[in-house]
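# For reference, the sequence and a predicted model appear below.
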Amino acid sequence: GAATGTVTESDALRTLHRVFGYDAFRGEQESIIDHVVAGGDAVVLMPTGGGKSLCYQIPALVRPGTGVVISPLIALMQDQVDALRALGVRAGFINSTQDFDERRVMEAEFLAGELDVLYLAPERLRLDATLDLLGRAKISVFAIDEAHCVAQWGHDFRPDYLALSLLGERWPDVPRIALTATATDATHREITHRLGMPDARHFVASFDRPNIQYRIVPKAEPKKQLLAFLKEEHAGDAGIVYCLSRNSVEKTAEFLCKNGIEAVPYHAGLDGGTRAAHQSRFLREDGLVVCATIAFGMGIDKPDVRFVAHLDLPKSVEGYYQETGRAGRDGLPSTAWMAYGLQDVVQQRKLIQGGEGDEAFRRRASSHLDSMLALCETAQCRRAQLLTYFGQEAGAESCGNCDTCLTPPETWDGTVAAQKVLSTVVRLQRERGQKFGAGQIIDILLGKKTAKVIQFDHDQLSVFGIGEELAEAEWRGVIRQLLAQGLIAVEGEYGTLVLTDTSGSVLGREREVRLRKEPKRAPAARAAKSD
Ligand code: ADP
Ligand code: ZN
């Protein structure tokens, strides 16, 4: 338009106003966009909801040519393209869901320079035909979304991403922008290295989500605890409940419906139509709860998700952060709630030991789980621990908006209790050549003459009944925390307890074991009873 004589808007700002209808850039969006528009490479770490999409969409519109976006989320491409088209952006995608004709039309538009943005799945870059196609058109920018998928030490590695380094080799003059919402220092370095972006500028936004309240409670009766949490704090709110298995997804949704909360299941075992229907209800309706496996939520842009609940332990802190990050994108108070118990640890260890993958893969999965357990068992601020995990400084030692800050857990000297657990494990192994799971160990400590105790003569052990000062739930808490601290380990199909290299230091009284106190009664369980 005609110059007004005062300050002229930059092309980027004009595009923000005219195309997207927003008043101003957020956070570092403007510096990122300016840098890429000027032709520079960028690595962008920004939490979910931070506004990563504009960081490549605007350069794609402002620079001549088509912006090519590499994304692993094939299922979302149609939605993303529809949303852009609704704004008047000429967008398209090429992936395996299209038939030959649809793909041909898209390719023709791309070659004719009629697309502003083209979404591509990473596996397409393995095909010479795709590279040839890209070589025949003008490209304004390459955006590599979910860039952490290139990191082999990350939690979401995809081999196809390794091939993306060729973009920089074949198109040295086209700027590249790599974006992710989850990056520890190690992942961050790996992204830069594997994508071959040594000269990229790095933009690292704060990963703090101050409006999300983090809470992790001991698991007793998880569905009842969940129900109480929802009724007391989130009646009528939209939210996501994550479960590990399809079966528990179904059961939880049923249970909530029976108890007056509208909930639908979402998992990969449902047919595509049902999944799409449940997803679009979630996006459109006000207070729907979706019970889902982790497959749900990636890239879904619903600003008013008021809570994310976990009934099972996520496999990594990255996963936990990503999933909880789907709450409260609108900046309003939201809750990340999780119930977690000893059985989670046993189950996850079993999955790792019995799962596919080589030794290195298992070690990696194990260390991801360890960090997750440390977050669950910490007596410090959860937010501070999360931010430290992502290599960022917490603003304060205490955030005032997580359970450990709101009700600081008492700690106690658990050295003697730890010794009792460990000596029981030692006795069983040395005197009987036996290994047992946590349940049997606790029965022995409590002096319970169960059928299984009698069957194995465990009432004859010198440690039988030496732990009557604690209740069963408290012993579970002790064992969980010993697991989290690496002072004991579980192994095998039955989740039997075994010593670790550091167990000896406890048995030899060389170290004190500090434990957090279990809440006397889980508040949620109390509320559920009064229903
Ligand atoms: P991310 O990909 O980082 O999770 P999105 O790009 O999906 O985040 O953006 C999250 C939400 O914030 C979207 O609804 C988006 O339209 C909105 N948004 C992004 N940037 C701005 C801005 N500058 N002004 C207003 N809203 C914005
Ligand atoms: Zn805190």
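Structure received. Residues are numbered from 1 along each chain as shown. Ligands and ions are numbered 1, 2, ... in the order given.
# How about the contacts made by the closest residue to T66 other than its chain neighbours?
Nearest non-adjacent residue to T66, counting by C-beta to C-beta, 6 or more residues apart in numbering: L115, 4.7 Å away. Placement of C-beta: from N, CA and C, glycine included. By C-beta atoms under 8 Å, 6 or more residues apart in numbering, the residues touching L115 are T66, R90, A91, G92, M106, E109.
# Shouldn't the last one be within a helix?
Looking back up the chat, that one is E109. Yes - using DSSP: H, G, I helix; E, B strand; the rest coil, the assignment for E109 is a helix.
# ok now do it, which residues does it touch?
E109 touches R90, G92, L115, counting by C-beta under 8 Å, 6+ apart.
# Equivalent analysis for the first one, please.
Counting by C-beta under 8 Å, 6+ apart, T66 makes contact with A60, F110, G113, L115, D116, V117, L118, A137, K138, I139, S140.
# cool, and the fifth one?
By C-beta under 8 Å, 6+ apart, M106 lies in contact with G92, F93, I94, Q98, L115, L118.
# do the same with the third one
The neighbours of A91, taking C-beta under 8 Å, 6+ apart as the test, are Q80, V81, L84, R85, L115, D116, V117, L118, Y119.
# Below-threshold pLDDT in this structure: ranges please.
1-8, 183, 298-299, 519-531 (pLDDT under 70).
# Can you tell me the centre-most residue of it?
The structure's the chain has its C-alpha centroid closest to G319; by C-alpha atoms, centre = their mean the separation is 1.9 Å.
# Look up the closest residue to that one, ignoring the ones flanking it.
Nearest to G319 is H155, by C-beta to C-beta, 6+ apart, at 5.7 Å.
# burial of that neighbour, as a residue count?
Neighbours of H155 under the rule other C-beta atoms under 10 Å: 21.
# For ChimeraX, write the select line for the buried members of the contacts of M106.
Buried members of these, defined by 16 or more other C-beta atoms under 10 Å, are picked up in ChimeraX with:
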select :92,93,94,115,118
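# Columns distance to A394 and secondary structure on top of the contacts of M106, output as JSON lines?
Shown next, in JSON lines, are those (distance: C-beta to C-beta, whole Å; DSSP: H, G, I helix; E, B strand; the rest coil):
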{"residue": "G92", "distance to A394": "43", "secondary structure": "strand"}
{"residue": "F93", "distance to A394": "40", "secondary structure": "strand"}
{"residue": "I94", "distance to A394": "43", "secondary structure": "strand"}
{"residue": "Q98", "distance to A394": "46", "secondary structure": "coil"}
{"residue": "L115", "distance to A394": "43", "secondary structure": "coil"}
{"residue": "L118", "distance to A394": "40", "secondary structure": "strand"}
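# Name the next helix or strand downstream of the host helix or strand of G67, please.
For G67, the host element (DSSP states H and E) is strand 66-70. Using DSSP H and E, the next helix or strand after strand 66-70 towards the C-terminus is helix 74-86.
# Next up, the contacts around the closest residue to A339 other than its chain neighbours.
Closest residue to A339 apart from its sequence neighbours, by C-beta to C-beta, 6+ apart: K219 at 4.1 Å. Shown in contact with K219 (C-beta under 8 Å, 6+ apart): Q225, A339, Y340, G341, Q343, D344.
# swap in E30?
Here E30 is in contact with A12, L13 (criterion: C-beta under 8 Å, 6+ apart).
# Buried residues in stretch 344-357, which are they?
Applying 16+ other C-beta under 10 Å to stretch 344-357 flags D344, V345, V346, Q347, Q348, R349, K350, I352 as buried.
# Up against ligand 2, what does this protein have?
C381, R383, C399, C402, C405 (C-beta under 5 Å from the ion).
# Which one of the residues in the stretch 151-300 of the chain is closest to ligand 2?
Y214 (7.1 Å; C-beta to the ion).
# can you check the stretch 1-150 of the chain too?
As assessed by C-beta to the ion, ligand 2 sits closest to P47 within the stretch 1-150 of the chain, at 16.9 Å.
# is it fair to say that residue lies in a helix?
No - P47: not assigned to a helix; according to three-state DSSP it is coil.
# wouldn't it be in contact with V204 here?
No - in this structure, P47 is not within contact of V204 by C-beta atoms under 8 Å, at 10.5 Å.
# Neighbour count: the two, which is higher?
Using other C-beta under 10 Å as the criterion, P47 and V204 rank with P47 on top: 20 against 15.
# Would you enumerate the residues in contact with L311?
Counted by C-beta under 8 Å, 6+ apart, L311 has contacts P222, K223, L226, V241, Y242, C243, L244, S248, T252, M338, A339.
# Just those: which are in strands?
Members of these lying in strands (criterion: DSSP state E): V241, Y242, M338, A339.
# ranges for the strands of the stretch 351-500 of the chain?
Applying DSSP state E, counting those that start in this stretch to the stretch 351-500 of the chain gives strands spanning 411-413, 488-491, 496-499.
# closest to V290 out of these?
Nearest of those to V290, taken as C-beta to C-beta: strand 488-491 at 31.6 Å.
# Mind giving me the packing neighbours of that closest one?
helix 342-354, helix 415-432, helix 472-484, strand 496-499 (3 or more C-beta pairs under 8 Å, 6 or more residues apart in numbering; DSSP states H and E).
# Buried residues, the helix or strand just after the last one. List them.
So the one you mean is strand 496-499. Downstream of strand 496-499, the first helix or strand assigned by DSSP H and E is helix 503-507. Residues of helix 503-507 classed as buried by neighbour count (16+ other C-beta under 10 Å): S503, V506.
# With stretch 274-282 instead?
Buried residues in stretch 274-282, counted by 16+ other C-beta under 10 Å: R275, H278, Q279, F282.
# and what of stretch 300-308?
I300, K302, V305, R306, F307, V308.
# now swap in stretch 380-392 and tell me
Within stretch 380-392, the residues that count as buried by 16+ other C-beta under 10 Å are Q380, C381, R382, R383, A384, Q385, L386, L387, Y389, F390, Q392.
# Among the contacts of M106, list the two that are farthest apart in space.
Across the contacts of M106 (C-beta to C-beta), the longest gap, 14.6 Å, separates Q98 and L115.
# on that earlier part again, now, which of the buried residues of stretch 344-357 sits nearest L461?
V346 (22.4 Å).
# So the closest one versus ligand 1, what's the distance?
Per C-beta to the nearest ligand atom, to the nearest Å, V346 is found 34 Å from ligand 1.
# As a markdown table, the buried residues of stretch 300-308 with distance to ligand 1 and secondary structure would be great.
As requested, the buried residues of stretch 300-308 are exported to a markdown table (distance: C-beta to the nearest ligand atom, whole Å; DSSP: H, G, I helix; E, B strand; the rest coil):
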| residue | distance to ligand 1 | secondary structure |
| --- | --- | --- |
| I300 | 9 | coil |
| K302 | 9 | coil |
| V305 | 12 | coil |
| R306 | 16 | coil |
| F307 | 18 | strand |
| V308 | 14 | strand |
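# would a markdown table of those with distance to V289 be doable?
As requested, the buried residues of stretch 300-308 are exported to a markdown table (distance: C-beta to C-beta, whole Å):
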| residue | distance to V289 |
| --- | --- |
| I300 | 14 |
| K302 | 12 |
| V305 | 10 |
| R306 | 10 |
| F307 | 9 |
| V308 | 11 |
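# sorry, back to before: quick check, nearest of the contacts of L115 to C257?
So of the contacts of L115, ranked by how close each gets to C257 (C-beta to C-beta), first place is A91, at 37.9 Å.
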